[in-house]
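Asker: My questions are about this predicted structure, shown below with the sequence.
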Amino acid sequence: MRGGLAVAIGALVVAGCGGVEDETQRFAREATESYLAERDGYDLDGVRCTGNPRPWFVEKQTTVVICAARRQVGGCDWYRVQLVPRASRVATEIRLEAKDAGCVLPP
């Protein structure tokens, strides 16, 4: 019985702990990479973003995403990506949230 419970909990943890980017993460990451491409000092392959909350926690699309951008000298800066709905598209407003804030994002 305990083995089955451990397997079930492990499967839930793996399923809930990411791996694949959701559409919101991809959109925010690409916008942040474009924004940082015009600035020196960042590894554009090192940008990671928080995703949209899972449907069982929140039933609304997020409008703010935090992206960690790896600096070439080490560490990461966090950028706040505001998703702004426009007539037929979503625009972004990107600003520095915190310098050298670490490379691990909150869940």
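Answerer: Now that the structure is in, tell me what you want to look at.

Asker: Next, count neighbours for Pro107.
Answerer: Neighbourhood size, Pro107 [other CB atoms under 10 Å]: 10. All C-beta spots, glycine's among them, are computed from the backbone N, C-alpha and C.

Asker: Grab the nearest non-local neighbour of it.
Answerer: Thr50 (7.9 Å; CB to CB, 6 or more residues apart in numbering).

Asker: Give me the phi and psi angles of the one you found.
Answerer: Note on Thr50: backbone dihedrals following degrees, to the nearest 10 are phi -70, psi 160.

Asker: thinking it is in contact with Trp78, fair?
Answerer: No - counting by CB atoms under 8 Å, Thr50 stays clear of Trp78, with 9.8 Å between them.

Asker: between these two, what contacts are shared?
Answerer: Ile66, Cys67, Leu105 (CB atoms under 8 Å, 6 or more residues apart in numbering).

Asker: Assign the last one to helix, strand or coil.
Answerer: This means Leu105. Classification of Leu105 by DSSP: H, G, I helix; E, B strand; the rest coil places it in coil.
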